[in-house]
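Participant: Got a predicted structure here, sequence first:
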Amino acid sequence: MKRVVSISLGPKTADFELDTEFLGHAFSVRRLGTDGDLNEMLDLLLQWDGKADAIGLGSMRFPNAIGPKHVLERRAQKIRELSERVNTPVTMGRALRSVVHEWSIRHVEFVLGNYFDNARVFFFSGLANHKIARVLNEFTDNMIFADPLLENGISKFIKSMRDLELYASGIHEVLKWLPSKKFSANFMPARLWNIHLLKKALQQAQVIVVPHYDFYRYLEDTGLEELGRKIIITSCAYEDRVTFLQERGVDVIIDTAPKVLEKVVGLNVLEAMMLAALEKKQDQIIDDDILEIICDQNMAPRVVYPSGTPKRVNRFAFVIHPLSQEFLKKEKTLEMVSQFAPPLFMDVVEKVIAYAPPFIYSKVTGIKSPTGVEAEGWLISVGGTPKQMLAHKPEFTYDHLLQAAKMAKRLGAQIMGLGAFTKVVGDAGVTVAKKADIPITTGNSYSASGALWAAADAVRRMGLIRVEKGKAIKGKTMVFGATGAIGSVCCRLLAKAFEEVYMVGRNTAKLLALRESIMQETPGVKLHISTRPDRYLPDMDVIVTATSGAGKAILDIMRVKPGCVITDVARPLDLSPEDVAKRPDVLVIESGEIELPGNPEMKNIGLPPKVAYACLAETIVLALEGRFEVFTIGRDIEWEKVREIYQMGLKHGMKLASISGVNGIFTDDDISRVLRLALKALKNWTPPRFSDAA
Ligand SMILES: NC(=O)c1ccc[n+]([C@@H]2O[C@H](COP(=O)([O-])OP(=O)(O)OC[C@H]3O[C@@H](n4cnc5c(N)ncnc54)[C@H](OP(=O)(O)O)[C@@H]3O)[C@@H](O)[C@H]2O)c1
C-alpha cells in the first residue's frame, strides 16, 4: 500500500484519513492541518520524510502568475528549499493546477454551450486567479477585479485584463492612491465604504471567482443578497464549503479540482498520489503524464448544483419606449402637472424626454422554460415617442439604442431586442446590430408569427370561414403596410394559407417586387397589389394591419364586411378605440401577444400579467435557447425564421395569450356576441360602392 501525507496550512479540524485506490494502487492518505503555522508545516515535512511515498503541501497561497512576487516568494522559496532537501517527493499540486483551472472553464463552456457569454464576472483576486481570468476573457470582457480594494484598501475596482496587467506591474493609475506603492499579501482592514462597494459589486455579478485559500475570509461578509442565484468558480469545494454556499442560495458551483476519490481532496493530494504511483519526483512529472492520467481516469471538473437540480439562467435586455404623450403622463412625477398644464407643456416634455439617456425601467425575473432553463433580463427605456423618433434623423434613435446596448452589455445581457418603434425607424436594426457589442434582434419574426397565430385563433373561434386540412382557405385576406418588415412576412405566410391575398402599400415599386418574389415562392396564390384598398375592403374575410403610421387613420372600418377579423399589429394601433366601437359586428384584435412560461415578474408594460409583446417574447425565446446571435434584422424577414422561432417558442412553453381588443380580453361570450351581430348584419348588408369612398 502506498502512503501519501498532505500537510496543510489549513485548519486541523479538516484532518482526515482515507484508504482508497488510484491508478491501480492501494493508497492510504492522511491530511495534517497546521492552522496556518508555517514552522509546524516545515517540522512535519521533516518528520514525514522517508515515511511516506509522497508528500503534498496544501492551502498554500502561491506567488501570483503575474505581478509582484516578493510578498509570497520568500515563503515559497523557504518551502521549496526544504522540499529539495528531503528525499520523499513533495508537491504543492503545481502541475495539475496549471492544467485544471483553464480546462474546467473550457470544459463547462463546451459542455453547456455559450455559458460564459458576456457574463458579469467578479474576481476577489485577479492576480491569484489570473489564468481563469484570461480564459474567461475569451467569452466575456465584463469582468471586475477587487484586487486594489482588498489588497491595498483603494476604493476602486479594475475592469479589464489590460488594467489588471498594468496594476500587476505597479503602473496602473489606481496605485497613485497608494503613496508607498507597496503591495500587501493580506486583506486591508475593511473600511465601511469599501465593504459597501464590495457588496454592491458582488450583487451585480453573475459569476464570482473565489480563491481556494482564505475561502471563508473572502466570503465572510456575504449572504443571500450577494451570493443568491450566482455561479461560483473555486477550487476544492469541500463538503463544508458546498453547504456554506448552498445556505447562501448559490445556483451553481464550478469546482476546478476534479473529484476522483470518494471525497474532494486538494490538488496537492492528487498530485502526490500521482507521484507515488508513477514513482517520480515533482520536477520529473511532465504535462503528458497529467494528460494521460486525466484521460485514463475520465477526470472532469465538477459542476455542483447545491439545490440538487441543474440550473441555468440566461440573460436578455429589451428596449421599450413611451408610445405616446398619454404614456408619459402616467409617470408619477408628470401625472399631476399634466392635468393642469396646457398641451403645449406636454409637447415640450415629450421633446425633452426624447433626449434623455436610456434607463432601466424594470428587471424581468421568473421566466422558466419546461426544459428547465430560466431567463431573466432588463427592460431598458429610451425616451422617444414614435412622433419624436420620426421627427429626428434615424441616427438620433440609433445613438440611443447603442447607449442602451452598452448598458445591456454592462448588465450582463447576452442578447438585446428592439421594441415597437425603435426598429421601425431607419434600417430596422441593421446599423444597430452592426455597431452594438451584443447580438441584436428586432423580434419581428415572432411578431409576424404571433399576428397570424392570433388571426388563425380568432378565425377559428368565429367559425365563419371553412378551413379544410391540406387545402388553401377559400377566403380573401388583406395586409396593410404590406411592404414593411412585419407586413411583408405576413403576406408570405398568408399566401401559403389563403386563396387570395391583397397587399396594400404606398410604394408601388416595392409592392411589385414583393409580388414578384411571393409569386415565385407560392405560384398558385392569387395576389393583388394596391395603393387604394377601399374598393376591395368589403370583400375581405381577414385583415392584418402592420403600418408604422403612428396612429394615423389607415383604413375605413365602415367599409369592412360584417364578421371580418382584423388583426392590428401596429403600435401605436392603426385603429382607434372610437373606430372599433363603430363596428361591434367586426372582430378587431390586438395582435398576437405571447404568454410567457414560469412566473414572470416585471413592471407594467400595458399588458396582463405573464403576457409580453411578441417581439419581447422573441428575445426571451432566443435567450432560453442560448441562441445569442443576430436573429431578425432588416425588413427582409425570412419566413423560415418565423417558423423556427414559432417552434422554438413552443419548445420553451410559449403560448398564444388570450386574444384581446381595445376593451381587453375576448371571452367566448364576447366572440359569440360579435358573431351574432355579424350574422344579423350580413343578411341586409350590401357592399358599399367604391364611388361612396371619400
Ligand atoms: N405587436 C407587436 O408585438 C409588434 C412588434 C413589432 C412591431 N410592431 C409594430 O408593427 C408596425 C410595423 O412594424 P415594422 O417593423 O414592420 O415597420 P416597417 O418595416 O417600417 O413597416 C411599416 C410599413 O407601414 C407603412 N406605412 C407607414 N406609414 C404609413 C401610413 N401613414 N399609411 C400607410 N402605410 C404606412 C410603410 O410603408 P412605406 O414603405 O411606404 O413607408 C411600411 O410598409 C409598427 O407599428 C410597429 O410598432 C408591433
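Facilitator: Sure, I can see it. Residues are numbered from 1 along each chain as shown.

Participant: now do the same end-to-end measure for stretch 143-161.
Facilitator: 8 Å (CA to CA, to the nearest Å).

Participant: now stretch 27-47
Facilitator: Stretch 27-47: ends 20 Å apart by CA to CA.

Participant: low pLDDT regions in the stretch 251-400 of the chain?
Facilitator: 325, 327-343 (pLDDT under 70).

Participant: if you go through it in chain order, where are the helices?
Facilitator: 267-278, 287-296, 325-329, 332-340, 343-354, 386-391, 394-411 (DSSP state H, counting those that start in this stretch).

Participant: can you check the stretch 501-650 of the chain too?
Facilitator: Using DSSP H, counting those that start in this stretch, helices in the stretch 501-650 of the chain cover 508-521, 577-582, 614-625, 639-651.

Participant: how far away is the residue nearest to residue 369 when sequence neighbours are not counted from the ligand?
Facilitator: Closest residue in space to residue 369, ignoring its immediate chain neighbours: residue 652 at 3.9 Å, by CB to CB, 6 or more residues apart in numbering. Quick note: C-beta positions are derived from backbone N, CA and C, even for glycine. Distance check for residue 652 against the ligand: by CB to the nearest ligand atom, to the nearest Å, it reads 17 Å.

Participant: Distance check, the residue in the chain that the ligand sits nearest to against residue 491.
Facilitator: Nearest residue of the chain to the ligand, counting by CB to the nearest ligand atom: residue 484, 2.0 Å away. With the distance defined as CB to CB, to the nearest Å, residue 484 ends up 10 Å from residue 491.

Participant: Pick out whichever of the two has more residues nearby.
Facilitator: Per other CB atoms under 10 Å, whichever of residue 484 and residue 491 has more neighbours is residue 491, with 34 against 24.

Participant: Kindly export the helix or strand harbouring that one (C-alpha atoms) in CSV.
Facilitator: Counting by DSSP states H and E, the element that carries residue 491 is helix 485-497. Output of helix 485-497 as CSV, limited to C-alpha atoms (Å, rounded to 0.1, in the frame of the first residue of the first chain):
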residue,chain,number,x,y,z
ALA,A,485,-40.9,44.2,-42.2
ILE,A,486,-43.8,42.5,-40.4
GLY,A,487,-46.3,43.2,-43.2
SER,A,488,-44.2,41.5,-45.9
VAL,A,489,-43.7,38.3,-44.0
CYS,A,490,-47.4,38.2,-43.1
CYS,A,491,-48.1,38.4,-46.8
ARG,A,492,-45.7,35.5,-47.5
LEU,A,493,-47.4,33.3,-44.8
LEU,A,494,-50.9,34.3,-45.7
ALA,A,495,-50.2,33.4,-49.4
LYS,A,496,-49.4,29.9,-48.3
ALA,A,497,-52.7,29.6,-46.4
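
Participant: Run the angle between that helix and helix 639-651 for me.
Facilitator: Helix 485-497 runs at 90 degrees relative to helix 639-651, counting by axes from the mean of the first three to the mean of the last three CA atoms, to 10 degrees.

Participant: Mind listing residues that contact helix 485-497?
Facilitator: Outside of helix 485-497, the residues within contact range by CB atoms under 8 Å, 6 or more residues apart in numbering are 423, 428, 442, 444-445, 447-448, 451-452, 472-473, 477, 479-482, 501, 503, 505, 514, 518, 521-522, 525, 527, 542, 544, 546-547, 569, 634-637, 639, 642.

Participant: Of the residues you listed, which ones also sit close to the ligand?
Facilitator: Contacts with the ligand are made by 423, 428, 444, 447, 481, 505, 546, 547, 569, 635 out of these, judged by CB under 6 Å from any ligand atom.

Participant: Could you count how many residues lie near the nearest residue to residue 160 once chain neighbours are set aside?
Facilitator: Sequence neighbours aside, residue 141 is the residue nearest to residue 160 in space, at 6.6 Å (criterion: CB to CB, 6+ apart). Neighbours of residue 141 under the rule other CB under 10 Å: 15.

Participant: Wasn't residue 141 part of a strand?
Facilitator: No - per DSSP: H, G, I helix; E, B strand; the rest coil, residue 141 lies outside any strand segment and is coil.

Participant: didn't it look like it was pressed against residue 164?
Facilitator: No - Residue 141 lies out of contact with residue 164 (CB atoms under 8 Å); the separation is 11.6 Å.

Participant: lowest average confidence, helix or strand, in this structure?
Facilitator: When each helix and strand of the chain is scored by mean pLDDT, DSSP states H and E, helix 332-340 comes last, with a mean of 58.

Participant: With residue 46 as the reference, measure out to residue 37.
Facilitator: 14 Å.

Participant: can you check residue 132 too?
Facilitator: 34 Å.

Participant: And these two? Which one has more around it.
Facilitator: Neighbours were counted for residue 132 and for residue 46 using other CB under 10 Å; residue 132 has more, 23 against 11.

Participant: what residues are up against residue 107?
Facilitator: So residue 107 contacts 300, 301 (CB under 8 Å, 6+ apart).

Participant: hmm, back to that, now render the helices of the stretch 251-400 of the chain as CSV, adding mean neighbour count and distance to the ligand.
Facilitator: Formatted as CSV, these follow (neighbours: other CB atoms under 10 Å; distance: least, CB to the nearest ligand atom, whole Å):
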stretch, mean neighbour count, distance to the ligand
helix 267-278, 25, 53
helix 287-296, 13, 50
helix 325-329, 16, 13
helix 332-340, 11, 23
helix 343-354, 14, 16
helix 386-391, 19, 7
helix 394-411, 20, 11
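
Participant: Among the ones you listed, which comes closest to residue 363?
Facilitator: helix 394-411 (9.4 Å; CB to CB).

Participant: hang on, isn't the residue of the chain closest to the ligand packed against residue 634?
Facilitator: No - using CB under 8 Å, residue 484 makes no contact with residue 634, being 11.4 Å away.

Participant: give me the number of residues near the residue nearest to residue 258 when sequence neighbours are not counted?
Facilitator: Nearest non-adjacent residue to residue 258, counting by CB to CB, 6+ apart: residue 299, 4.0 Å away. Using other CB under 10 Å, residue 299 has 19 other residues around it.

Participant: pLDDT below threshold where in the chain?
Facilitator: 61-75, 171-190, 325, 327-343, 690-694.

Participant: what do you get if the cut-off is 50, keeping everything else the same?
Facilitator: 181, 183-185, 189, 692-694 (pLDDT under 50).

Participant: Quick check: the residue nearest to residue 369 touching residue 372?
Facilitator: No - under the criterion of CB under 8 Å, residue 652 makes no contact with residue 372, lying 10.4 Å away.

Participant: which residues touch residue 540?
Facilitator: 476, 477, 478, 502, 560, 561, 564.

Participant: same question, residue 588
Facilitator: 557, 566, 568, 575, 580, 661, 662.

Participant: For the residues you listed, pick the one with the most neighbours.
Facilitator: residue 566 (27 neighbours).

Participant: Surely it and residue 575 touch.
Facilitator: Yes - Residue 566 lies in contact with residue 575 (CB under 8 Å); the separation is 6.9 Å.

Participant: Need the overlap of contacts for these two.
Facilitator: With CB under 8 Å, 6+ apart as the test, residue 566 and residue 575 both reach 545, 557, 588.

Participant: which of those residues are close to the ligand?
Facilitator: Of the shared contacts of residue 566 and residue 575, not one also sits near the ligand (CB under 6 Å from any ligand atom).

Participant: if we can go back for a sec, what phi and what psi does the backbone show at the residue of the chain closest to the ligand?
Facilitator: phi -80, psi 180 (degrees, to the nearest 10).

Participant: mind listing what the nearest residue to it once chain neighbours are set aside touches?
Facilitator: Leaving aside its chain neighbours, residue 484 sits nearest to residue 546 (5.9 Å; criterion: CB to CB, 6+ apart). Each residue near residue 546 by CB under 8 Å, 6+ apart is listed here: 451, 479, 480, 481, 484, 486, 487, 490, 569, 570, 574.

Participant: Mark which of the residues you listed are buried, thanks.
Facilitator: 451, 479, 480, 481, 484, 486, 487, 490, 569, 570, 574 (16 or more other CB atoms under 10 Å).

Participant: Farthest pair within the residues you listed?
Facilitator: 490 and 574 (13.3 Å).
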